[in-house]
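> Make a model of this:
(2 chains)
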2 protein chains.
Amino acid sequence: MADKRNAFYAQSGGVTAVINATACGLIQAARERGDAIGKVYAGRNGIVGALQEDLIDTSAESDAAIAALRHTPAGAFGSARYKLKKVTENRAEYERLVEVFKAHDIGYFFYNGGGDSQDTSHKVAEISKELGYPLTCIGIPKTVDNDLPITDNCPGFGSVAKYVAVSIREAGFDVASMAKTSTKVFILEVMGRHAGWIAAAGGLAHEAEGDDPHLILFPELTFDEESFLARVDECVKRHGYCTVVASEGIKNAEGKFIADAGTRDAFGHAQLGGVAPALAALVKSRLKMKYHWALADYLQRAARHIASKTDVEQAYALGRAALETALAGHNAVMPTIVRLSDDPYAWEIGEAKLADVANVEKKMPRDFITPDGYGITPACRRYLAPLIQGEDYPPYKNGLPDYVKLRNVGVPKKLGTTFALG
Amino acid sequence: MADKRNAFYAQSGGVTAVINATACGLIQAARERGDAIGKVYAGRNGIVGALQEDLIDTSAESDAAIAALRHTPAGAFGSARYKLKKVTENRAEYERLVEVFKAHDIGYFFYNGGGDSQDTSHKVAEISKELGYPLTCIGIPKTVDNDLPITDNCPGFGSVAKYVAVSIREAGFDVASMAKTSTKVFILEVMGRHAGWIAAAGGLAHEAEGDDPHLILFPELTFDEESFLARVDECVKRHGYCTVVASEGIKNAEGKFIADAGTRDAFGHAQLGGVAPALAALVKSRLKMKYHWALADYLQRAARHIASKTDVEQAYALGRAALETALAGHNAVMPTIVRLSDDPYAWEIGEAKLADVANVEKKMPRDFITPDGYGITPACRRYLAPLIQGEDYPPYKNGLPDYVKLRNVGVPKKLGTTFALG
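Numbering: from 1, shown residues only, chains lettered A, B, ... in the order given. Okay, here's the model as predicted:
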């Protein structure tokens, strides 16, 4: 083993507008600490790259390219929806990781992801100890779902939150001006299969009575068709129109997703519905009102052009903190965001044990939703508002964001073996 | 009749990110020319406000509020989807307009809209002459569809174009990073029922081989299922994934809109489909690939946060030009954008006769679409590229765009009559 051991960094799960800012922070910090650490290898397509010994040599990228990661959305090295099995079920996966790390003298494991990834980081830390292979394992938070415990919030979420709040405000202005002779109801469907954090963020645009959105539909509450229709009707009577932010995860009283409607399309194929078109059709048939709907899908989590400055700064800081905490000798931990005050918002970097993070999901508190179930409370607004503060515009070229595509040069393989994914 | 006669301004049809910039230019110019012109009255909800004598006194708004219109999307006075009938079918509508204008000493008629509105302006000019009522009629171009003749482009289009190009680039980065283990095909549905201008704008993000979007579906061409699937399949094999920008207006060989799929939703109601979910289902069933899709709907035309600076400047300049040309005594005309050069882009204000604008639709030239039907040509890029140049960010407050809501104070009615809309 050399003095200066190498690091492995991987992006995991659904990407965000700022996960590359975390990569930027980590790699820049590593370059500054060339005295203490070797190269940073990234997994091509996340952990899959580690299992298949398909590593990217980030030292082949220029400083300018690495700096540009800060303003580039999505996962520059490729991410993966690949969850390692339990150690008891597929120990070979963990042993393979250690084998690859050993071959490339990797002494640091950085895993940038959500709840599952933190759990994996925790297991990798335990296995490497058991196998007697010295490996510092650091989880780095990332998820638009904002459901990791301990940390004040999760990088990626603030930017989706800003996108959703900006979008519903803009669409609301549009509908308000058309409502007299045209569209009366507008529905924006947003991400959040299990938690209403993203839908709640839409509520930030509702700063005064009558502001958009008028209604929010949370997955935490049962969707009630009659109550919803009555509220829409009342809203149109009062304001002339009604704007709705609906979480993709809302369910009816039978526990069935409204989005899993089993619709058939033009070609006769079963169609994965959307919540928005289903609600729109309901509004049309029952209230006979003209509607429009939008489904932002990936646009919301990739929208680096309207990223929250707070989010970018935190994502970047967590990348740097991950590297520093590893070099300080901490192991099996995850750097976190600690909120010091709401207004003015102040935060610092903290640290949580992976054992405390793994398999714990942060739910939205019920008292963040208004008693009637269609809005957010002042407590929720206090929590969310700082997370969308500030703009951090990318540079533009030819009228378009100038995002970087890395060279992603592979590290020569040292093992003669292949590994079949589970 | 007083020396200084008043003006009437109305917004018409679907609103845009920059139609208020036109209103801003017109009202600011009128305020500067207080020597020559009286008040600017706006129609509440467009022409409907004129027919119902529901006028807004813009002089009740502060200079700051009027200035803020420049960065506020949608129609600040309300717009209307209301098309006046032919003079031979409903002459009463035109006579009513003249009656209302006479009552409020309105000597200038400014109508801010698309093709139908220019046609209306033209008719109002003819009728007022016929009735011996002196009225200067000026059309001001506005439409995201970009289908007005003579003018180089239409205010509102450049900003939608920028939104679509930015969005497909961002979503493309997202899909590229997920494709190894997850989503292979992404479809973004955009506006454009009859013309592919907006879909074509997505092609601006495709600056080099492999860039997003990989395929564009134009309403000008017949959608061919087999050809489309073959291209998607080939693209995934080559690049690992495939991104598609689809116009809402694509039709099959029978001339049926792919979007009018006659799907049924969760509640058993007929559902106005979208092109994107229909294509996604096709990809899933035939190619067995994982897909995602987005439908931006109003978000695309309301997205003032990512408006094209060129578009904002032109919209504003046309508002000023409309006022100035009216005061110069021109009648039955529409100020236009005249392109002087592509690169560097240079333009100036020109003027067209309403008679030449009315009922003429500018189609996308066939040679703007590549021979294979799935991309844009260099000629198309030369035309489109300048229109998305520059950013013109609105001010932010609490992390959100600080858009203005006007007071919209009504002008006291002078007529004792009501008017039933046709």
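
> got a list of contacts for the strand or helix carrying A:Q28?
Element membership of A:Q28, judged by DSSP states H and E, is helix A:19-32. Identification of contacts with helix A:19-32 by C-beta atoms under 8 Å, 6 or more residues apart in numbering or on different chains yields A:7, A:9, A:11, A:37, A:40, A:42, A:58, A:61, A:63, A:66-67, A:69-77, A:79, A:110, A:112, A:140, A:142, A:155-156, A:312, A:315-324. For glycine as for every other residue, the C-beta is placed from the backbone atoms N, C-alpha and C.

> any chance you could map the helices in the stretch 101-250 of chain A?
For the stretch 101-250 of chain A, the helices defined by DSSP state H, counting those that start in this stretch occupy A:115-130, A:157-178, A:197-202, A:225-239.

> between those helices, which gets nearest to B:I250?
Closest approach to B:I250 among these is made by helix A:157-178 (23.8 Å; C-beta to C-beta).

> orientation of the closest one relative to helix B:19-32 in degrees?
Helix A:157-178 runs at 60 degrees relative to helix B:19-32, counting by axes from the mean of the first three to the mean of the last three C-alpha atoms, to 10 degrees.

> Quick one: residues contacting the nearest residue to A:R96 once chain neighbours are set aside.
The shortest distance from A:R96 to any non-neighbouring residue, by C-beta to C-beta, 6 or more residues apart in numbering or on different chains, is to A:F419 (5.1 Å). Listed by C-beta under 8 Å, 6+ apart, the contact set of A:F419 reads A:L51, A:Q52, A:E53, A:R96.

> can we see that at 7 Å?
A:L51, A:Q52, A:R96 (C-beta atoms under 7 Å, 6 or more residues apart in numbering or on different chains).

> export those to CSV and tack on distance to B:Y383?
Formatted as CSV, the contacts of A:F419 follow (distance: C-beta to C-beta, whole Å):
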residue, distance to B:Y383
A:L51, 48
A:Q52, 46
A:R96, 54
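
> closest to chain B among those?
Comparing the contacts of A:F419 against chain B with C-beta to the nearest C-beta places A:Q52 closest, at 10.3 Å.

> The closest one - how many residues pack around it?
18 (other C-beta atoms under 10 Å in any protein chain shown).

> Where does pLDDT dip in the stretch 151-300 of chain A?
Counting by pLDDT under 70, the low-confidence segments of the stretch 151-300 of chain A come to A:261-273.

> The same query, at a cut-off of 90, please.
The stretch 151-300 of chain A contains residues with pLDDT under 90 at A:193-194, A:256-274, A:281.

> For it, which segments count as strands?
Applying DSSP state E, counting those that start in this stretch to the stretch 151-300 of chain A gives strands spanning A:185-190, A:215-217, A:242-247, A:263-264, A:270-271, A:291-295.

> Would you convert those strands into JSON lines that also reports mean neighbour count?
Output for the strands of the stretch 151-300 of chain A, formatted as JSON lines (neighbours: other C-beta atoms under 10 Å in any protein chain shown):
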{"stretch": "strand A:185-190", "mean neighbour count": "30"}
{"stretch": "strand A:215-217", "mean neighbour count": "25"}
{"stretch": "strand A:242-247", "mean neighbour count": "30"}
{"stretch": "strand A:263-264", "mean neighbour count": "20"}
{"stretch": "strand A:270-271", "mean neighbour count": "21"}
{"stretch": "strand A:291-295", "mean neighbour count": "25"}
